[in-house]
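Trainee: No sequence on hand, only this structure:
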């Protein structure tokens, strides 16, 4: 065992300096369609953020490699250097900015929505048990409201809990919930009013990575200006999603 | 996989399942079973080696070595496994990078810890920046093996130590009467005979090791439990193969897999037990002798 570790350390020793330094490892969750998900036909990461991330890397002349990581440990692994960016539908919030930094947003603050089983009382979103993915702005919002919060490690499990009757409603990004409501044939419905949370979604980077963040900011600004970002947003999220002016 | 899979939306019934179960994500799922088997195949000998060293340390007449063995066994056995799995890869990973950093970048002036960031110079990164993904996977896998070997080695050490003590004292005395040294008596008499006493304990540890493999996901490796959850979750019409929540069936498949593994190990250990009891002064050895006579 020690030999294995030593061997790996030596491999690292041998090749360390020769390789190019501009490979950027991009962390994502792969479980939040249409933002990011694993395409079942190809087995690759797919979705809006994959397409956008690849476009950003191409424009910036960076070689990028995608890494899939659990949502719950996605920030600690960025900070300890396992990858260099997070593109995982992560909203820019003050709490997260204490630990990591964000590029300028690539999605406007989008509505989050409640869903429930057909015929549910919309009041439940205020007083009942509401499911949300752990460590999300939605979970933070429920925790501060009158409703009781039930957290799940993956977004998919929140929907399963609603179907099982474990919770009265689910709060998540509306763009994530829409396909579930559409596919359910009337079983799932939107409840109550949408809420606007966070300051939009940006690329998370380490606070010390100023150079990378500047590059990302530049390219995202460029893509906002020439309209290519808007085209991509419309393609993945439909016509009603707020665009950049 | 098959020719007719190019447009999944037109399929139904048997063909749909044939394509679905051979989709790229499912192939990854099957690959994860191999990952688990490889992990077991590498970890078991590593833990056994670790345990042997631990047991020898416990037996040692040098008090610092014996103390070290005791500390190792007692600390590891007393701390929850999950804590070790979170601690070993982070602490060891950062420790190795820190050492490389000291060696390779003596002129680096920026602090390594900036707020929450852990920053070493690019030359000290493990694996080096720009490495292919498989090297990262192998590295995490190595960390996993090390964490497993550390944790399970402590249990093995205790079992082996007990087994060494269980070899009848009279046998060692006889060896000494023949003029063997302590070391010779250990190698020729105790070591070959202790396994029969160690086997029940070792088989227990092996079964627990099998059950502990899902902890792999903590290290960012996509094991079978990760894939079962990912594949079983509801897939909306955004996916090529939409389906409702099938997690129950996927977890059922895992249950069958783990039970099968347990069943096979049971049989192997039973066979080993029979072999090792041969000619031993134990109840099982006595039964074998009578049956043979």
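Mentor: Looks like it arrived, so ask away. Remember, it's a predicted structure, so these values are computed and weren't measured experimentally.

Trainee: Could you find the residue in chain A that comes nearest to chain B?
Mentor: residue A:43 (3.0 Å; Cβ to the nearest Cβ). (Glycine included, C-beta is placed from N, CA and C.)

Trainee: ok, that residue - how many residues close by?
Mentor: A count of neighbours around residue A:43, defined by other Cβ atoms under 10 Å in any protein chain shown, yields 16.

Trainee: surely it meets residue B:24?
Mentor: Yes - if you go by Cβ atoms under 8 Å, residue A:43 and residue B:24 touch, sitting 3.0 Å apart.

Trainee: Just the terminal-to-terminal distance for stretch A:197-213.
Mentor: 23 Å (Cα to Cα, to the nearest Å).

Trainee: Mind listing the strands the longest strand seen in chain A pairs with, and their directions?
Mentor: The residue-count maximum for a strand in chain A (DSSP state E) belongs to strand A:188-196. Based on DSSP bridges, the pairing partners of strand A:188-196 within the sheet are strand A:111-117 (antiparallel).

Trainee: I'd like the average pLDDT over the partner strand.
Mentor: For strand A:111-117, the mean per-residue pLDDT is 93.

Trainee: now for the next helix-or-strand element following that strand, which elements pack on it?
Mentor: Heading C-terminal from strand A:111-117, the first helix or strand you meet, by DSSP states H and E, is helix A:124-127. Secondary-structure packing of helix A:124-127 (3 or more Cβ pairs under 8 Å, 6 or more residues apart in numbering or on different chains; DSSP states H and E): strand A:111-117, strand A:169-173, strand A:188-196.

Trainee: for those strands, which one ends up most surrounded?
Mentor: For the helices and strands packed on helix A:124-127, average neighbour numbers computed from mean count of other Cβ atoms under 10 Å in any protein chain shown are highest in strand A:169-173, which has a mean of 27.

Trainee: Please point out which parts of the helix or strand just after that strand sit buried.
Mentor: As assigned by DSSP H and E, the chain's next helix or strand after strand A:169-173 is helix A:174-183. Of all the residues in helix A:174-183, those buried under the rule 16 or more other Cβ atoms under 10 Å in any protein chain shown are A:174, A:175, A:176, A:177, A:178, A:179, A:180, A:181, A:183.

Trainee: now the longest strand of chain A, how far from the centre of its chain.
Mentor: 20 Å (Cα atoms, centre = their mean, to the nearest Å).

Trainee: now the angle from that strand to strand A:169-173?
Mentor: Per axes from the mean of the first three to the mean of the last three Cα atoms, to 10 degrees, the angle that strand A:188-196 makes with strand A:169-173 is 50 degrees.

Trainee: what sits up against the helix ranked longest in chain A?
Mentor: Counting residues, the longest helix in chain A under DSSP state H turns out to be helix A:210-225. Helix A:210-225 is contacted by residues A:24, A:55-56, A:59-60, A:62, A:84-85, A:101, A:103-104, A:106, A:203, A:205, A:229-230, A:244 when judged by Cβ atoms under 8 Å, 6 or more residues apart in numbering or on different chains.

Trainee: Okay, and which of these map to strands?
Mentor: Using DSSP E, the members of the contacts of helix A:210-225 that fall in strands are A:24, A:85, A:101, A:205.

Trainee: would you list those residues in a markdown table and tack on neighbour count, distance to chain B and pLDDT?
Mentor: Putting those into a markdown table (neighbours: other Cβ atoms under 10 Å in any protein chain shown; distance: Cβ to the nearest Cβ, whole Å; pLDDT from 0 to 100) gives the following:
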| residue | neighbour count | distance to chain B | pLDDT |
| --- | --- | --- | --- |
| A:24 | 23 | 9 | 91 |
| A:85 | 26 | 14 | 95 |
| A:101 | 18 | 10 | 94 |
| A:205 | 23 | 10 | 95 |
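
Trainee: what would those residues look like in TSV with distance to residue A:48?
Mentor: Shown next, in TSV, are the ones in strands among the contacts of helix A:210-225 (distance: Cβ to Cβ, whole Å):
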residue	distance to residue A:48
A:24	18
A:85	15
A:101	22
A:205	19
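
Trainee: Check which helix or strand the closest residue to residue B:133 other than its chain neighbours maps to.
Mentor: In this structure, residue B:133 finds its nearest non-sequential neighbour in residue A:65, 6.4 Å apart by Cβ to Cβ, 6 or more residues apart in numbering or on different chains. Element membership for residue A:65, per DSSP H and E: strand A:63-68.

Trainee: longest helix of chain B?
Mentor: helix B:24-59.

Trainee: Just the buried positions in that helix, please.
Mentor: B:24-26, B:28-29, B:32, B:35-36, B:39-40, B:42-44, B:46-48, B:50-59.

Trainee: filter those down to the ones near chain A?
Mentor: B:24, B:25, B:28, B:46, B:50 (Cβ under 8 Å from any Cβ of the partner chain).

Trainee: For the nearest residue to residue B:235 once chain neighbours are set aside, what are phi and psi?
Mentor: Distances taken as Cβ to Cβ, 6+ apart place residue B:242 nearest to residue B:235, at 4.9 Å, with adjacent residues excluded. Backbone geometry at residue B:242, expressed as degrees, to the nearest 10, gives phi -70, psi 140.

Trainee: so residue B:242 makes contact with residue B:236?
Mentor: Yes - counting by Cβ under 8 Å, residue B:242 touches residue B:236, with 6.1 Å between them.

Trainee: now chain B, which segments are flagged as low pLDDT?
Mentor: Counting by pLDDT under 70, chain B contains low-confidence ranges at B:1, B:293.

Trainee: Give the rounded mean pLDDT of the longest helix of chain A.
Mentor: 94.

Trainee: Could you list the buried residues of that helix?
Mentor: For helix A:210-225, by 16+ other Cβ under 10 Å, it's A:212, A:213, A:215, A:216, A:219, A:220, A:223, A:224.

Trainee: for the residue lying closest to residue A:203 once chain neighbours are set aside, what are its contacts?
Mentor: Nearest residue to residue A:203, sequence neighbours excluded (Cβ to Cβ, 6+ apart): residue A:103, at 4.1 Å. Applying Cβ under 8 Å, 6+ apart, one finds that residue A:103 lies in contact with A:202, A:203, A:205, A:213, A:216, A:217, A:220.

Trainee: Same question for residue A:157.
Mentor: Residue A:157 neighbours (Cβ under 8 Å, 6+ apart): residue B:233.

Trainee: so how far is residue A:184 from it?
Mentor: 16 Å (Cβ to Cβ, to the nearest Å).

Trainee: Show me chain A divided up by domain.
Mentor: A:21-108+A:199-237, A:111-196 (automatic domain parsing).

Trainee: quick one, what contacts residue A:72?
Mentor: Contacts for residue A:72 (Cβ under 8 Å, 6+ apart) come out as A:134, A:135, A:153.

Trainee: so what's residue B:77 up against?
Mentor: B:154, B:155, B:158.

Trainee: Can you report how many residues neighbour residue 83?
Mentor: You didn't say which chain, so I picked chain A. 22.

Trainee: that's the wrong chain, I wanted chain B
Mentor: Neighbours of residue B:83 (other Cβ under 10 Å): 10.

Trainee: And the residue of the stretch 1-150 of chain B that's closest to chain A?
Mentor: In the stretch 1-150 of chain B, the residue that lies nearest chain A is residue B:24 (3.0 Å; Cβ to the nearest Cβ).

Trainee: My guess is that residue contacts residue B:5. True?
Mentor: No - applying Cβ under 8 Å, one finds residue B:24 not in contact with residue B:5, separated by 10.6 Å.

Trainee: quick one: common contacting residues for the two?
Mentor: Between them, residue B:24 and residue B:5 share no contacting residue, judged by Cβ under 8 Å, 6+ apart.

Trainee: how far away is the residue of the stretch 1-150 of chain B closest to chain A from residue A:223?
Mentor: 29 Å.

Trainee: No more questions from me, cheers.
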